[in-house]
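> The sequence and its predicted three-dimensional model are supplied below.
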Amino acid sequence: MRFTKRRGLLAALLLTVAIMLLMAGCASSESSSSAAASEKSASTETSAAAESAEVSANASELAIEQEAASSSSADTAAFSGESIPALKLKQSQLGGFNPVNNFTEPKEMSAAEVEKAERAIRAYTPPTQESLIKNNAKTFYYRNQLKDQPALLYEAIGALLEDPTTDEYMVAVTVGKAEEEQLAKDYFKAVFSYQYDHPECFWMYNDLEVTVEAGYDPTEGKLYIALDKPYKKYEKEMTAFNDAVDGILNDIDPNASDAEKALAIHDKLLEMVKYDYEIGAPDNMSNDLAHTAYGALVVNGNGDANTAVCDGISLAYEYLLQQVGIEAAVIVGEAGNTAEDAGPHAWNIVKLDGEWYEVDLTWNIGQYEWRAELDKYKVDNPNDELVPLLEEALYDEAFFDLITHYLYNVTTAAITDYVPGDEYVYVYPDGRGFAPLEKSVHIRASELDDYEIFDEIIMTAPTATGTQYAHK
C-alpha cells in the first residue's frame, strides 16, 4: 500500500480515535484544546452530514476530526462526529507534567536547631546492608553542567539520599555568607538537576513521598540538608523497581550497538506502558507515582501496572538508557498543536555516537494506542463499515511502525515545529487517505516566560542535530 499525501473522506473518518485524543502536549493545555475541538465539530457538522451515506449509522458515535483534501490538496473540508462512548477519553492531549510551584526555600536556623543538627551528624551510623538505590550511568548530564556551589549541593543531596530510611541523618555544606535569593536559586538548581538525573529516586520527585529540606546557619555559613521523614516504603518499592528494571534489561542484547539498544528499550516501553488519563486530566494536579519512572515500570498510585504520564515515561526511558551506558536526559517545557494551545510536557534527549537526538516516547505511545482504542470500539460497533478500513491501515505493520516512531530520534529543529511528511498518510485503493499525525510544537522551558525556575537547568540541554539514527 502506498503512503502519500492524498486525502479523502476516509482521512476524515479515521482520525479522532487517537489524533485529537492521543497526540499532543500536556495537562494544562488540554481544556483549551477540547474546547477548540468542540467548536470545530460544531462548525463542520453540516459537511459531515453530507457524507453520511458513505458510513454506517454508528459512525456518528466515532470522534473524528481531520482535514480531508482532494488529490491536488487545493481544497480542504473538515469532518467531525461524536466521541466513541467506549473510549471514555476525557482529554485530547497526552502529557501530564506538573511544573513545580511550591518549592520550599532554605530556612534560617536558630542556634538550638544548628546544635541539634550537628549532634545528629555525629551520632549517625550508616546502614551495613547494600543500598537498593542503584544507577549505573556513566555520566549524569545535568550534574555535569553545574559548577561551584550548585555542584556541591548536588553532591550533598546524593550523599543524603544514600540512606532515605531515616530523618535523623543530615548533610552539612559550607556555603559561606550567602545572599538568601542566590542560595535559594542554587539549592533549587541542585535539587531538580538531581531528580532529573536520578529517576531511581522517584520517591523524592516533586516531594512525592519525602521532601528534601534545607536550613541555613548564617553564623557559620552552613546549609544543612535532611529528609522531612523516613522513606517508609523503601524496601518494598525499591525492590519492585529494581526487579522491573532487571526484567526489561534481560531482554536487551548486551552485545548490540547503542543505537540498537536505545531502539529496543523504546519499543519495549512503547508496547508496555499505558498513558494515565486520570492523572493526565487537565484539572488533576495531584502528585502521583504516574509522574515517576516507578509508575511507568511498576505501578501508578492506583496500583495500575505500567501506567504513567509524560514525565514518568520520560524518566523511565532515561533510567533504562543510563543502565546500558547511554547518556540521556529529560527535557521539560510545553507541547501542543500550536504554541497557543501548548501545555506542560516532558520528553527526552539521547546521545548516540556523539550526536544528540530528541525522543517523545509519550506521543509515540499515543499512536500505539490506536489499535487498543479500535478494539474497544469494535465491541459496541461490530458492524461499523469503518472498522475494516481502520484495521487495514493500523495493521499494516510498515505503516504502524512509522506512526509509532514519528518522534523517535529527531532533531531539535524538527520537533520544535513538527510537520508530518507524506509518508505518514495511508492511502486506500480508491485514493482516500488516513493521516493520523498533525502539525505540532515542542518548546523548551528555557524558551518560555512562565518557567523561570527551570531556565538555568533546561537552558544547558544540548541542541539535537543527529540524523544518522533517525527512524526509517
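It's in. Numbers count the residues shown, from 1 in each chain.
> From now on I want contacts and neighbour counts done on CA atoms only, so please keep to that.
Will do.
> if you take the average position of this protein, which residue is closest to it?
Cys310 (2.2 Å; CA atoms, centre = their mean).
> wait, doesn't that one sit right on His345?
Yes - between Cys310 and His345 a contact is recorded at 6.4 Å, counting by CA atoms under 8 Å.
> Kindly provide the distance from Glu355 to Ala461.
Counting by CA to CA, to the nearest Å, the gap from Glu355 to Ala461 is 13 Å.
> before we move on, what about Ala111?
Distance from Ala111 to Ala461, by CA to CA: 41 Å.
> Which of these two has more residues huddled nearby?
Ala461 (17 against 12; other CA atoms under 10 Å).
> does that one sit in a helix or strand, and which one?
Assigned by DSSP states H and E, Ala461 belongs to no helix or strand.
> which ones are touching the closest residue in space to it that isn't next to it in sequence?
Spatial nearest neighbour of Ala461, chain neighbours left out: Ile331 (7.6 Å); criterion: CA to CA, 6 or more residues apart in numbering. By CA atoms under 8 Å, 6 or more residues apart in numbering, the contact list for Ile331 reads Ala346, Trp347, Asn348, Ile349, Arg444, Ile458, Ala461.
> Can you report how many residues lie near Asp251?
So Asp251, with other CA under 10 Å, has 11 neighbours.
> Surely it is in a strand?
No - per DSSP: H, G, I helix; E, B strand; the rest coil, Asp251 lies outside any strand segment and is coil.
> So for it, what pLDDT did the model give?
Per-residue pLDDT puts Asp251 at 96.
> how much space between it and Ile265?
According to CA to CA, Asp251 stands 9 Å off from Ile265.
> any low-confidence regions in the chain?
Applying pLDDT under 70 to the chain flags residues 1-103.
> Could you list the domains of it?
1-97+234-472, 107-163+166-227 (automatic domain parsing).
> how many neighbours does the residue lying closest to Tyr141 once chain neighbours are set aside have?
With sequence-adjacent residues excluded and distances taken as CA to CA, 6+ apart, Tyr141 is closest to Ala329, at 6.4 Å. Here the count is done by other CA under 10 Å, and Ala329 has 26 residues near it.
> For Ala329, give me the backbone phi and psi.
Backbone torsions for Ala329, taken as degrees, to the nearest 10, come to phi -150, psi 160.
> before we move on, what about Thr411?
Dihedral angles (degrees, to the nearest 10) for Thr411: phi -80, psi 160.
> residue contacts, it?
Counted by CA under 8 Å, 6+ apart, Thr411 has contacts Trp356, Tyr357, Glu358, Thr463, Ala464, Thr465, Gly466, Thr467.
> what's the most distant pair in these?
Thr463 and Thr467 (12.5 Å; CA to CA).
> for this structure, which helix is longest?
Using DSSP state H to assign secondary structure, the helix with the most residues in the chain is helix 180-197.
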